[in-house]
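**Q** For reference, the sequence and a predicted model appear below.
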Amino acid sequence: MMRGRVAYAGAIHEAWPDANGVRLADGRVRREDELVWLAPIEVGTIFALGLNYAEHAKELQFTKQEEPLVFLKGPGTVIGHRGVTRRPADVAFMHYECELAVVIGRTAQDVKRENAMRHVAGYMIANDYAIRDYLENYYRPNLRVKNRDGGTVLGPWFVDAADVEDVTQLELRTFVNGTLQQRGNTRDLVTDIPALIEYLSSFMTLAPGDVILTGTPEGIVNVNAGDEVVCEIDGLGRLVNTIASDADFGRV
Amino acid sequence: MFALADHLLHPEGTALPRDVDANAAAALLARGIACRAPVNGAVYGTLLNDRAALNALGDALHAPPYKAPPQAPVLYLKPRNTLAGHRARVVVPDDALGVEVGVEVGASLGIVIGRTATRLSVERAFDYIAGYTLVADLSVPHASVYRPSVRFRARDGFCVIGPALVAARHVPAPDDLAIKVSLNGREIFAASTASSVRKVAQLLADVTDFMTLGAGDVITLGVPYGSPVAHIGDTATLSIGTWPPLDVSFIDAREQAGEQP
């Protein structure tokens, strides 16, 4: 099942795809653009992977890694489908990152890879923005690059794991203003989902609602204010985001 | 919003936290109770905010892999699995070779946010602070601050907070607080928030320029340089002034599993 979380007419609703738009839990059917889309779930800990697609690692001139490059993100960075993300006026390189987001469904502690997928509840699309101008070499990637308000777009749907036929064969695509810029496939993950769960749960407890952003493939380009960025993953939907300027956010 | 009247603490085994005066808090703790972390918002750690820590890096700040001194605050997340309270028992891990290398006890001032804080000015930052607390920001000792593994700071129980949140009105000078750490009753480390590069208000202004802090979130002013290392069997006691001190015990993994070590 696919389900989203939307704000409409003064309340927050669970919502499902419908032939005529989006169906709310109370039976109302509305157009997608009549709703305010929130992240499909209330997230727990957010893990993100750096350089987890072989070609993207090459693109950024990285060599073999000793262990997965994991960093953590705070809840304030999350926004939903059709949201708006600010591009500061003083930067030269801000880019999207289309990623498969894995949602944990069961507490996981010292889980071995052969049992790891039992702990997955489902999947979402993530667009995890970065601003490379702000990259500094302390506790990389530093939070000013990767933990900005509105920098992590999730949705539109949470999709049950049982409804994804083969999570190791999903194509990811990003379009900027309708032009295909990024394309990859989850078959090329350097550290796959079971290995990530085994790794993380070997030193910390994972809990339901925790989210692992599994990294982005090659094909990142700069985006500018006014650009529409659409991330797609096979079977998970189409996640739309718009880039806005400092002026849109009341900054001069 | 997140409001706190006096001293907020959450005794283990009770459903809700208690908000009591300093005497009542001291009396509760004198009974030897353990506590849960008194907050459950997001917790952010700050690093290299101590002049001594920057001085110790010296020329290395300009050499690879760092290449330049830090500009923005150096921050990291302490995820929810790390949160623990007074009298927590924290497992000391072995390194890859099976050697117990200990746990660094980073005694920090925790700044507790009272209401949604976005783009604060230095002048108004204190209006957004509900109170302060002690944070034992634990980590597996690691030399490089370039791209350290998340397993050094994100282990279960590696962020011990409390025992109490102390209301801001009791803390007129957060930028001049003495921090002490004792190990097994012997004082082994002293620091002060006065040596911070960014003071409390400046840190909040710089951080909230790009990320909002929510009510009940905690951000540390930063781990002081030269923090002590604890080993299995040790108990660390952290203190700031007359605040209720925070105890953390360090145990073997087998002890946690209920076996005799």
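**A** The structure has been received and is ready for your questions. The structure presented is a predicted model; accordingly, all values stated were derived computationally and were not measured.
**Q** count of neighbours near A:Gly178?
**A** By other CB atoms under 10 Å in any protein chain shown, 7 other residues sit near A:Gly178. C-beta: built from backbone N, CA, C; applies to glycine.
**Q** any idea how far chain B is from it?
**A** 30 Å (CB to the nearest CB, to the nearest Å).
**Q** do you know how far the closest residue to that residue other than its chain neighbours is from A:Glu32?
**A** Computed as CB to CB, 6 or more residues apart in numbering or on different chains, the closest residue to A:Gly178 that is not its neighbour in sequence is A:Glu228, at 7.7 Å. Using CB to CB, to the nearest Å, A:Glu228 is found at 14 Å from A:Glu32.
**Q** So those two - more neighbours on which side?
**A** For the pair A:Glu228 and A:Glu32, the greater number of neighbours falls to A:Glu32 (17 against 13), based on other CB under 10 Å.
**Q** and A:Lys73, what does it touch?
**A** Neighbour list for A:Lys73: A:Ile46, A:Phe47, A:Ala48, A:Asp128, A:Lys146, A:Asn147, A:Thr152, A:Leu213, B:Leu77 [criterion: CB atoms under 8 Å, 6 or more residues apart in numbering or on different chains].
**Q** Tell me the bridge partners for it.
**A** Taking DSSP bridges as the rule, A:Lys73 bridges to A:Ile46.
**Q** Could you check how far it is from A:Pro88?
**A** A:Lys73 is 19 Å from A:Pro88, by CB to CB.
**Q** B:Leu109: which element?
**A** Taking DSSP states H and E as the definition, B:Leu109 sits inside strand B:103-113.
**Q** Any stretches of the chain with poor pLDDT?
**A** All of this refers to chain A. For chain A, the stretches with pLDDT under 70 are A:56-65.
**Q** wait, I meant chain B there
**A** B:259-261.
**Q** and it, which residues reach chain A?
**A** B:42, B:44, B:47-48, B:65-68, B:70-77, B:79-82, B:93, B:118, B:145-151, B:154-156, B:210-214 (CB under 8 Å from any CB of the partner chain).
**Q** Now, of these, which are buried?
**A** Neighbour counting over the residues of chain B next to chain A (16 or more other CB atoms under 10 Å in any protein chain shown) leaves B:42, B:44, B:47-48, B:66, B:70, B:72-77, B:79-82, B:93, B:145, B:148-151, B:154-156, B:210-214 as the buried ones.
**Q** C-alpha coordinates for stretch B:248-261, PDB please?
**A** What follows is stretch B:248-261 as a C-alpha-only set of coordinates in PDB (Å, rounded to 0.1, in the frame of the first residue of the first chain):
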ATOM      1  CA  VAL B 248      27.600   7.700  34.700                       C
ATOM      2  CA  SER B 249      28.900   4.200  35.200                       C
ATOM      3  CA  PHE B 250      30.900   2.300  32.700                       C
ATOM      4  CA  ILE B 251      30.300  -1.500  32.300                       C
ATOM      5  CA  ASP B 252      31.300  -4.500  30.300                       C
ATOM      6  CA  ALA B 253      29.000  -5.700  27.600                       C
ATOM      7  CA  ARG B 254      28.500  -9.000  29.400                       C
ATOM      8  CA  GLU B 255      27.500  -7.200  32.600                       C
ATOM      9  CA  GLN B 256      24.700  -5.500  30.600                       C
ATOM     10  CA  ALA B 257      23.600  -8.900  29.300                       C
ATOM     11  CA  GLY B 258      23.200 -10.000  32.900                       C
ATOM     12  CA  GLU B 259      26.200 -12.300  33.100                       C
ATOM     13  CA  GLN B 260      28.900 -12.200  35.700                       C
ATOM     14  CA  PRO B 261      31.900 -10.400  34.100                       C
END
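**Q** All the helices of the stretch 151-261 of chain B, residue numbers only.
**A** Ranges of helices in the stretch 151-261 of chain B, per DSSP state H, counting those that start in this stretch, are B:200-208, B:253-256.
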